[in-house]
Every structure is written in C-alpha cells, then in structure tokens.
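[1] what follows is a predicted structure for the sequence shown.
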Amino acid sequence: MKVAIGSDHAGLTLKKHITHILDELEIEWEDAGTDCEESCDYPDYGEKVAEAVSLGNVDRGILVCGTGIGMSIVANKFPGVRAALCSEDYSAKMSRLHNDANVLVLPGRMIEQATAREIVTTWFKTEFEGGRHQRRLDKIKAIESRLNK
Ligand code: RB5
C-alpha cells in the first residue's frame, strides 16, 4: 500500500499529523506538498495526488484543505478517483464499504487531531464490500467513459 498525501496551507498542520499516523500504521507515503504555511492554491496539490491515484502510481490518496470541499471538487475530476470528504468516523467507514473510496479528504480547519486519527485508521482498516456496490461503481465508470468520449 502506497499513499500520496497533499494539502494546501490550511491543511498543512493536519497533514503533518496524518503522516505520523501513517507511520504508525506502517503505510508507505509520499508528500505532494505544500510544505509551508504560505497561502497557496488547493487545486495545485489536489491535482498531484488525484493524478497519481488516477494513473495508478499510488494505491490511495489523502488530501487536506480548510473545509475539504475544494480538494474534493478537484480530486473527483480525475478518472477512476472516488474521493470522499469525511469529518467523522461513520462516513469514513461507509466510504470504504460502499464506495471503495480511493482518496480520503479531510477538513483541516474543522476537526480535531483525535477525530482525524479515528477517520484515517478506520479508512485504512475497512475493506470494500463489493456485490451490489460494485454494480454501482461500474455505473460510475460508465458515466466517466461516456463523458470522456
Ligand atoms: C483556503 O483559505 C481555503 O479556501 C481552502 O483551504 C479550502 O477550504 C477550499 O475549499
């Protein structure tokens, strides 16, 4: 399992905390930036992580911005990316069980580090259920194919 992680300035502190959690979970990660507090544009970092997932260069992605909304909008533009914005544990669990989410988006300005720990741990420990949910993912794939023609 290899993960790309990225944030803007508003997500930087939480991103750093999450890299420690990934180390504890023994998950390999690479940092796509940003690496400083200076104001920057979330699409630049969302693009790097989502593209790496879309191309299969990494297995999963994690993105953090202030609300998580901007990063979600960017990430879900990329074919094959299923980005889930989660601010509590239940959404994290369901995003894996039902949606096979491959990018986790977190709102850096809205959740405590302890909540982020729960979310990240659950997200990596929960497997996709398949079955009827696979049929629904196949429909998403069909929509992507139709729109890209
Ligand atoms: C940055 O101020 C903020 O707009 C950004 O982090 C994010 O919340 C956008 O959706």
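    Looks like it arrived, so ask away.

[2] what's the single longest helix in this structure?
    Determined from DSSP state H, the single longest helix within the chain is helix 132-148.

[3] report all helices and strands that that one contacts.
    With contacts taken as 3 or more C-beta pairs under 8 Å, 6 or more residues apart in numbering; DSSP states H and E, helix 132-148 sits against no other helix or strand. (C-beta placed from N, C-alpha, C; glycine too.)

[4] any buried residues in it, and which?
    Judged by neighbour count (16 or more other C-beta atoms under 10 Å), helix 132-148 contains no buried residues.

[5] export that helix to CSV, keeping only CA atoms.
    In CSV, the C-alpha atoms belonging to helix 132-148 read as follows (Å, rounded to 0.1, in the frame of the first residue of the first chain):
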residue,chain,number,x,y,z
ARG,A,132,-24.3,-4.6,-5.3
HIS,A,133,-21.9,-1.8,-4.6
GLN,A,134,-19.6,-3.0,-7.4
ARG,A,135,-22.5,-2.7,-9.8
ARG,A,136,-22.9,1.0,-8.7
LEU,A,137,-19.2,1.7,-9.2
ASP,A,138,-19.4,0.1,-12.6
LYS,A,139,-22.2,2.6,-13.4
ILE,A,140,-19.9,5.5,-12.3
LYS,A,141,-17.2,4.1,-14.6
ALA,A,142,-19.7,4.0,-17.5
ILE,A,143,-20.6,7.7,-16.9
GLU,A,144,-16.9,8.6,-16.9
SER,A,145,-16.4,6.7,-20.2
ARG,A,146,-19.4,8.4,-21.8
LEU,A,147,-18.3,11.9,-20.7
ASN,A,148,-14.7,11.4,-21.9
